[in-house]
Every structure is written in structure tokens, then in C-alpha cells.
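> how would this look folded up:
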Amino acid sequence: MSKLLLHVCCGPCAVYVAKKLLEDYQGADLKSAPTLFFYNPNIYPFEEYQRRFQTVKTWAKKENFELIEGRFNQEDWFEKVKGLENEPEGGDRCPVCFRVRLEETARTAKENGFEFFASTLTIGRNKKAEVINPIGAALAQKYGLKFIEADWKKQGGQEASNQLSKQENMYRQHYCGCRFSVRN
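Sure thing, here's the model as predicted:
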């Protein structure tokens, strides 16, 4: 029996994926509910970061999920995506951003005795599982972990996430999160 660290980007993405993982893996491979890991140094401005984190924190407490907040280091994130500022959402900047967040998730999982890690990222309508899952799989190999590959938006996942987040009256953002994805 193993533990799972789930990278979450926001409450609406977490609400479905965390429950789905609990349903699919509880009693089979996992000895406990997934631990949520909020690591998103890409979110801009900081007030938006705080709002998204508070949404996740409130829901996690209500549902009895353990929550770890990763270190917010936006300067480091900006350095990693330097030169990609003018890329459109879904362009070359996004895989770099996914890698930054998934690598920190994998590192944190390894350091804290988790065997599995996963991410809510693929539930987003503009987040491609065929881009995200290979990054997670490569990092799993690098860190000696198992990555749960999924396209959470499939088979009604995105609709279920939308419905659950509305039922929970969660804050829903209107852009991916980074400064370059903000819509005016």
C-alpha cells in the first residue's frame, strides 16, 4: 500500500480529480487519501495565487484531505520561461511550466516517502494529456516513482469538475494563471 501526492493547480481542478483518485485507488493501491500539493509559482498576480490557494485550502479542510503548500518562487519561474513570454497559451512556454510544477511535485514526493504522484493539470480544457503525461512519466523514472497518467477531462471528467465546483461555490478563475495568459 502506497501514498499519492497530487499536484493541484486550483480548487475546481482538485475537486473532481482528488475524489476520482480516492474512488479508483482507495483500498487497492493507496493506504490513504491523496495528499494535495499546491505548487504553482506561475500564478500571477500574487493576489490571484492567494485566492486560488485559499479555495483549495478551504475545500481540502472540509473534505479532510491533507494539503501541502509548495514554496512560491515566481522569480525562478520567470527565469525558466525566459524567452517564451510571447508564446500563446498552449505554445512552447506551457510544457516548460508543466515541467517546473511536476518536477517539484516529484521531488517533494520522493523526499516525503510517496510512491505515486499525479496532477490535476489534464482536466483543463486547454491542457493536453499528450504533453503533460510524458513529462510526468519521465520525472517518475528520474525520481524512482510512479506517475498516474490520465486525461481527467475525458469520460465526463471536465463536466463533473464544473458541476462539483459550482456545488461547492468555488472561486473559478478566468485564465490559466500566468502573467502571459491573463485576458484583458
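> how about the strands of the protein, start to end?
4-8, 35-38, 67-69, 116-119, 146-147 (DSSP state E).
> is it possible to get JSON lines of those that adds mean pLDDT, distance to Tyr49 and mean neighbour count?
All C-beta atoms are positioned from the backbone trio N, CA, C, and that covers glycine. Output for these, formatted as JSON lines (pLDDT from 0 to 100; distance: least, C-beta to C-beta, whole Å; neighbours: other C-beta atoms under 10 Å):
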{"stretch": "strand 4-8", "mean pLDDT": "96", "distance to Tyr49": "13", "mean neighbour count": "26"}
{"stretch": "strand 35-38", "mean pLDDT": "97", "distance to Tyr49": "9", "mean neighbour count": "23"}
{"stretch": "strand 67-69", "mean pLDDT": "98", "distance to Tyr49": "10", "mean neighbour count": "15"}
{"stretch": "strand 116-119", "mean pLDDT": "96", "distance to Tyr49": "17", "mean neighbour count": "26"}
{"stretch": "strand 146-147", "mean pLDDT": "96", "distance to Tyr49": "25", "mean neighbour count": "22"}
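> Serialize these to a markdown table and add fields for distance to Ser181.
Listed next are the strands of the chain as a markdown table, based on distance: least, C-beta to C-beta, whole Å:
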| stretch | distance to Ser181 |
| --- | --- |
| strand 4-8 | 18 |
| strand 35-38 | 18 |
| strand 67-69 | 22 |
| strand 116-119 | 18 |
| strand 146-147 | 25 |
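> can you get me a residue count around the spatially closest residue to Glu87 that is not a sequence neighbour?
Among residues not flanking Glu87 along the chain, Arg93 sits closest, at 4.1 Å (C-beta to C-beta, 6 or more residues apart in numbering). Using other C-beta atoms under 10 Å, Arg93 is surrounded by 22 other residues.
> distance of Arg93 relative to Tyr44?
13 Å (C-beta to C-beta, to the nearest Å).
> would you mark the buried spots in stretch 151-171?
151-153, 157-158, 160-162, 164-165, 168, 170-171 (16 or more other C-beta atoms under 10 Å).
> same question for stretch 39-55.
Applying 16+ other C-beta under 10 Å to stretch 39-55 flags Tyr39, Asn40, Pro41, Asn42, Ile43, Tyr44, Glu48, Tyr49, Arg52, Phe53, Thr55 as buried.
> contacting residues for Asn169?
Shown in contact with Asn169 (C-beta atoms under 8 Å, 6 or more residues apart in numbering): no residues.
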